[in-house]
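>>> Coordinates for the following, if possible.
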Amino acid sequence: MSQVSLRDATEADVEAIFDLVRQLAEFEEMTDSFVVTIDDFSSELFGPSSPASVIVAELDGAIVGIALYFWTFSTFLGRRGVWLEDLFVAPSARRRGVASALLAELRRRSPGRVEWEVLDWNEGAIALYDGLGGVPATGWTKYRISPDR
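Sure, this is the predicted structure:
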């Protein structure tokens with residue numbers, strides 16, 4: 001069995017990142033919301049003041065997973081943490097330790113919390129997160145103001 005290899009994404013990975021995020025939108029049945037372009041990812045993720053970072057996971061030299069994250073700050077803990085915006089593993093690479101490796105790397109990088117959201121119907125992801133010691137944050141309701149695009 002191949003070993004998972006993790007590294008920080010470079011701009012040369014932008015097409016693979018785009019493809020995996022597109023697959024995520026399909027999986028979540030949210031393709032209507034998928035309006036990003038490869039050029040958007042190039043300028044936003046790899047520009048001079050990128051608001052987010054991407055870790056890529058490879059098996060046999062092919063990118064099969066991503067963790068797209070950004071730094072947060074907890075005033076109560078007094079330290080920064082990580083918000084995991086997107087975690088996705090290609091279907092052909094699932095159940096091979098890719099998602100677990102990506103989450104372990106985020107935990108290693110963060111001196112504080114690692115936080116994320118999961119769709120309540122995504123039983124496979126919930127089982128993975130539970131198995132890794134993740135717990136739902138109860139008592140909070142997510143709000144959003146979306147841009148007019």
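
>>> which element follows the helix ranked longest in the chain toward the C-terminus?
Using DSSP state H, we find that the single longest helix of the chain is helix 14-27. Using DSSP states H and E, the helix or strand that follows helix 14-27 towards the C-terminus is helix 38-46.

>>> Could you tell me which residues within that next one count as buried?
By 16 or more other C-beta atoms under 10 Å, the buried positions in helix 38-46 come out as 41, 45-46. Any C-beta I mention is one placed from the backbone N, CA and C, and that applies to glycine too.

>>> now, among the residues you listed, which is nearest to Ser100?
Ser100 lies nearest to Leu45 out of the buried residues of helix 38-46, by C-beta to C-beta, at 23.7 Å.

>>> mind listing the helices in this structure by residue range?
Going by DSSP H, the chain shows helices at 14-27, 38-46, 98-109, 123-131.

>>> related to what we said a few turns ago, got the contact list for the longest helix of the chain?
Here helix 14-27 makes contact (C-beta atoms under 8 Å, 6 or more residues apart in numbering) with 9, 31, 33-34, 36-38, 41-42, 45-46, 54, 56, 63, 65-66, 68, 86, 88, 90-91.

>>> Can you select the buried ones among the residues you listed for me in PyMOL?
The buried residues among these can be selected in PyMOL (16+ other C-beta under 10 Å) with this line:
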select buried, resi 9+41+45+46+54+56+63+65+66+68+86+88+90
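
>>> Tell me which strands the lengthiest strand in the chain pairs with, and in which orientation.
Criterion DSSP state E: the longest strand present in the chain is strand 62-74. Counting by DSSP bridges, the strands paired with strand 62-74 are strand 53-59 (antiparallel), strand 79-89 (antiparallel).
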